[in-house]
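> Provided below are the primary sequence and the corresponding predicted coordinates.
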Amino acid sequence: MSVAVRVIPCLDVDAGRVVKGVNFADLRDAGDPVELAGRYDAEGADEVTFLDVSASSGERETMIDVVRRTADQVFVPLTVGGGVRTAEDVDRLLRAGADKVGVNTAAIARPELVSEIADRFGSQVLVLSVDARRTTGDVRTESGYEVTTHGGRRGTGIDAVEWAERAAALGAGEILLNSMDADGTESGFDLEMLAAVRGRVRVPLIASGGAGKPEHFVEAARAGADAVLAASVFHFGQLTVGQVKDAMREAGVQVR
Amino acid sequence: MRGGDVRGQAAQVPPLLPDGGASAELNPRPAEPRGRAGRPSVVVLDYGFGNVRSAVRALERVGARVELTADHTAALGADGLVVPGVGAFAACMAGIRAVRGDQVVERRLAGGRPVLGICVGMQVMFDSGVEHGVQTDGLGQWRGVVEKLDAPVVPHMGWSTLEAPAGTRLLAGVEDERFYFVHSYAAQSFTQGHDDAADPRFVPPRVTWSHHGSAEHGARFVAAVEDGPLAATQFHPEKSGDAGATLLENWVRSL
C-alpha cells in the first residue's frame, strides 16, 4: 500500500484553551492549542484535530481565531469538530484555515446536513464522527453497535454500522469511529467494531478510543483503519507520535 | 492545448499583458516586479474555492510576496500565479470562469509566464472532468479526462509516495518524500502528443505518477506535471509539511 496510515493527535479545546493539562516539558503555554498543534506537527503528526468542547456559541467564536492562528503556522491538515450544526459553521471554519470539519450530533438529528455540506464544499471536507458502543440491555441493533450522543451518555438505538454506511452514501468523505466502550480504558481500540464498519464503508476510516500502547495502533491499522486518532496518551506524554510510528513501521505498517 | 513546451514559442505570441509587456523571455522585466525585497510576487487566484489561506501562508513561508486576489492586472503581472481548488470540478470551473480566470491562465501561458495548479486547480488544466455522469469542460491545456478514482478506499486521503521523473525540478530534493493527497478524482492518463514533437526546441512535459498502480490499490494517476510554464500537483504541497515547502520553494525560485 502506498498511502501511509495516518497518526492523528486530537486536542480538546474549551473557549480557546486546551482541556486537560498537557505534559510537554518545555512548552511556554501548555494551554495554547496553537503551540501544541505546532509541537505535534514537529513530532511528525500526519494531521491535527481540534475538538471544540465549548459550551456556548460565544466561546466557539474564539475557535475561529485559534484555527486561523494554527493554519498560519502548521502545514499539515487540520480538522476541527465540535458544535458544527450548519453549512455556515463549516464555511467559517474552512475560511479560517481548517481543511476538514467534523460533524457529529447535528447529523444524527438531521442527516441531510451531510449532503448539504458535501454538495457545497465537497466530500473531502467532511469527517463524520460516530460515537458508538456495543448495545446492552433491551437495545438491539443488527450490527450489535449503537450510536450515542452526549459523550456516550445517551443511546439513540441507531445502528452504528448502518449509520456510517448511510453517512458515506450521503457524502461524508471520512468516518471517525470513536468507541465509547474503549474510550479512556487505554486497553486498545475496539477492533471488532472497526472491522465491522470497514466491511461496509469505502471511505477512509479513522479509529478512535482506547489507545494506550504503540501496539494498539498497529492492531487498528491491521483491522482496516486508514488513520488512528488519540488524545490523552499524547497529551500526557505517555507516548509520542514518533514512538507510535516506529512501532507501526517495525510491524510493517506504512507510515510517513 | 499544451502537451509540451516549445521554448521560444512565447516570442511568437503577441503581447497580452495590459502594460503591453509579454513574456519574461521577450522583454526585460518591468521596473519593479520583484518588490523591494527582491522576492518573487505570486498571486493566488481568489475565486471562492480552495484552502487559500494555507496556500498563501505556505508560499509566504518560502519567500514569496503573495497576494490573494482575482484582479486581472495583478494576476497577469505577478511573477507566478497559483490556481487552487478543492471540491467539485464543475463548481471550480464555474468559479474560475466567473472571475475570468480561464483568460488569465491562457494569457499567462501564451506569454510563457508560470502558473501552478493545485488539486482541482490541476484537474481543470485537462480537457474535461466527469462527475456523476456529467462532463464539464476544463481549461484544455492538457489532453485527457479527470475521472473518479477506482480504488478500494475513496477519497484517496493521506500521505502517499510518488514516481517522479528524472530531471524533475519541481520535486528536486523531495522525490522520495510523501505528499498529502485528498481527492476522489484524477487524470489517469497523460497524452504526450504535441504537433511540434519533431521540433528540436520541444521539451516534453515531465509527468509524476502516483505510486499506486495495482489491482489491489487501483489504477495509477497523474500526481504532478511540469510542462514549461505550467506546473501542477494533484496533492497539496501547502499541507505537505517540509516536503511541500521544498516543492513550493523550488517553484518560487524558478519564477
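Good, I have the coordinates. From a predicted model like this one, the values you see are computed outputs, not experimental measurements. Numbering: from 1, shown residues only, chains lettered A, B, ... in the order given.
> need the pLDDT of the residue in chain B that chain A sits nearest to.
Distances between chain B and chain A by CB to the nearest CB are smallest at residue B:87, namely 3.2 Å. Every C-beta, even on glycine, is put in place using the N, C-alpha and C of the backbone. pLDDT recorded at residue B:87 is 83.
> surely it touches residue A:118?
No. Under the criterion of CB atoms under 8 Å, residue B:87 makes no contact with residue A:118, lying 9.1 Å away.
> tell me, how many residues neighbour residue A:242?
Using other CB atoms under 10 Å in any protein chain shown, the number of residues around residue A:242 comes to 12.
> now residue B:139
Other residues near residue B:139 number 25, with proximity taken as other CB under 10 Å.
> check residue A:130 too.
Number of residues near residue A:130 (other CB under 10 Å) recorded here: 26.
> list the contacts for the closest residue to chain B within the stretch 51-200 of chain A?
Residue nearest to chain B within the stretch 51-200 of chain A (CB to the nearest CB): residue A:122, separated by 3.2 Å. Taking CB atoms under 8 Å, 6 or more residues apart in numbering or on different chains, we find residue A:122 in contact with A:173, B:86-88.
> what distance do you get for residue B:83 to residue B:96?
Between residue B:83 and residue B:96 the computed distance is 7 Å (CB to CB, to the nearest Å).
> kindly report the same for residue B:58.
Between residue B:58 and residue B:96 the distance, using CB to CB, works out to 21 Å.
> which secondary structure state does the residue of the stretch 151-256 of chain A found nearest chain B sit in?
Distances between the stretch 151-256 of chain A and chain B by CB to the nearest CB are smallest at residue A:256, namely 4.4 Å. Of the three states, residue A:256 takes coil under DSSP: H, G, I helix; E, B strand; the rest coil.
> tell me the spacing between it and residue B:208.
Using CB to CB, one obtains 18 Å as the distance from residue A:256 to residue B:208.
> same deal with residue A:2?
From residue A:2 over to residue B:208 the distance is 13 Å, taken as CB to CB.
> compare these two (neighbour count), which wins?
Neighbours per residue, other CB under 10 Å: of residue A:2 and residue B:208, the larger number sits with residue B:208, 23 against 19.
> number of nearby residues for residue A:105?
Applying other CB under 10 Å, we find 19 residues neighbouring residue A:105.
> residue B:221 too?
By the criterion of other CB under 10 Å, residue B:221 has 24 neighbours.
> kindly report the same for residue A:88.
Taking other CB under 10 Å as the criterion, the count of residues near residue A:88 is 10.
> assumed it was part of a strand.
No. Residue state for residue A:88 (three-state DSSP) corresponds to helix; a strand is not indicated.
> gap between it and residue B:48?
As for residue A:88, its distance to residue B:48 is 15 Å (criterion: CB to CB).
> again, but for residue B:64
Summarising the geometry, the distance separating residue B:64 from residue B:48, computed by CB to CB, is 22 Å.
> and for residue B:151?
Applying CB to CB to residue B:151 and residue B:48 gives a distance of 29 Å.
> neighbour-wise, which of those two wins?
Taking other CB under 10 Å, residue B:151 and residue B:48 do not tie; residue B:151 has more neighbours (19 against 13).
> surely that one forms part of a strand?
No. Under three-state DSSP, residue B:151 sits outside any strand and is assigned coil.
> that one is in contact with residue B:218, isn't it?
Yes. Taking contacts as CB under 8 Å, residue B:151 lies within contact range of residue B:218: 3.1 Å.
> look at residue 100 and report its pLDDT.
I went with chain A, as the question did not name one. 95.
> actually it's chain B I care about, not the one you picked
If you check residue B:100, the pLDDT there is 97.
> excluding its backbone neighbours, what's nearest it?
Sequence neighbours aside, residue B:72 is the residue nearest to residue B:100 in space, at 6.8 Å (criterion: CB to CB, 6 or more residues apart in numbering or on different chains).
> neighbours of that neighbour, just the number please.
Residue neighbour count, defined by other CB under 10 Å, stands at 16 for residue B:72.
> show me the beta-bridge partners of the closest residue to residue B:239 other than its chain neighbours.
Nearest in space to residue B:239, with sequence neighbours left out and distances taken as CB to CB, 6+ apart, is residue B:180 at 4.6 Å. Assessed by DSSP bridges, residue B:180 has beta-bridge partners residue B:159.
> about what we covered before: turn the contacts of residue A:122 into a markdown table, columns for distance to residue B:41 and neighbour count.
Supplementary listing: these in a markdown table, determined by distance: CB to CB, whole Å; neighbours: other CB atoms under 10 Å in any protein chain shown:
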| residue | distance to residue B:41 | neighbour count |
| --- | --- | --- |
| A:173 | 34 | 25 |
| B:86 | 24 | 23 |
| B:87 | 27 | 21 |
| B:88 | 30 | 24 |
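> in strands, which of the residues you listed fall?
Counted as lying in strands by DSSP state E, out of the contacts of residue A:122, is not a single one.
> could you dump these to a markdown table with distance to residue A:71?
As requested, the contacts of residue A:122 are exported to a markdown table (distance: CB to CB, whole Å):
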| residue | distance to residue A:71 |
| --- | --- |
| A:173 | 19 |
| B:86 | 14 |
| B:87 | 18 |
| B:88 | 23 |
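> what about the helices in the stretch 51-200 of chain B?
Applying DSSP state H, counting those that start in this stretch to the stretch 51-200 of chain B gives helices spanning B:52-61, B:72-77, B:89-98, B:101-110, B:120-123.
> among those, which is nearest residue B:163?
helix B:120-123 (16.5 Å; CB to CB).
> show me what the closest one is packed up against.
helix B:89-98, strand B:185-187, strand B:222-227, strand B:230-233 (3 or more CB pairs under 8 Å, 6 or more residues apart in numbering or on different chains; DSSP states H and E).
> and the first one, what's buried?
The reference is to helix B:89-98. Burial within helix B:89-98, assessed by neighbour count using 16 or more other CB atoms under 10 Å in any protein chain shown, is assigned to B:89-93, B:95-96.
> around chain B, pick out the residues from the stretch 151-256 of chain A.
Contact residues of the stretch 151-256 of chain A with respect to chain B, defined by CB under 8 Å from any CB of the partner chain, are listed as A:173-174, A:202-204, A:226-227, A:256.
> top of these by neighbour count?
residue A:174 (27 neighbours).
> can you give me the distance of that residue to residue B:158?
Shown here: residue A:174 relative to residue B:158, a distance of 10 Å by CB to CB.
> joint contacts of these two?
Taking CB under 8 Å, 6+ apart as the contact criterion, the residues that touch both residue A:174 and residue B:158 are A:204, A:226.
> chain center to the lengthiest helix in chain B, what's the gap?
The single longest helix within chain B, with elements called by DSSP state H, is helix B:241-253. Computed by CA atoms, centre = their mean, to the nearest Å, the separation of helix B:241-253 from the middle of its chain amounts to 14 Å.
> quick check: buried residues in it?
Buried positions in helix B:241-253, judged by neighbour count with 16+ other CB under 10 Å: B:241, B:243-252.
> ok, the residue most central in space within chain A - contacts?
A centroid search over chain A (CA atoms, centre = their mean) returns residue A:176, at 5.2 Å, as the residue closest to the centre. The neighbours of residue A:176, taking CB under 8 Å, 6+ apart as the test, are A:81, A:102, A:127-130, A:206, A:208, A:229.
> now for the residues you listed: which two are most distant?
Using CB to CB, these reach their maximum pairwise distance at A:128 and A:229, which is 13.6 Å.
> tell me how far the closest residue to residue B:205 other than its chain neighbours lies from residue B:254.
What sits nearest to residue B:205 in space, not counting adjacent residues and going by CB to CB, 6+ apart, is residue B:227, at 3.7 Å. When CB to CB is the yardstick, residue B:227 and residue B:254 sit 13 Å from each other.
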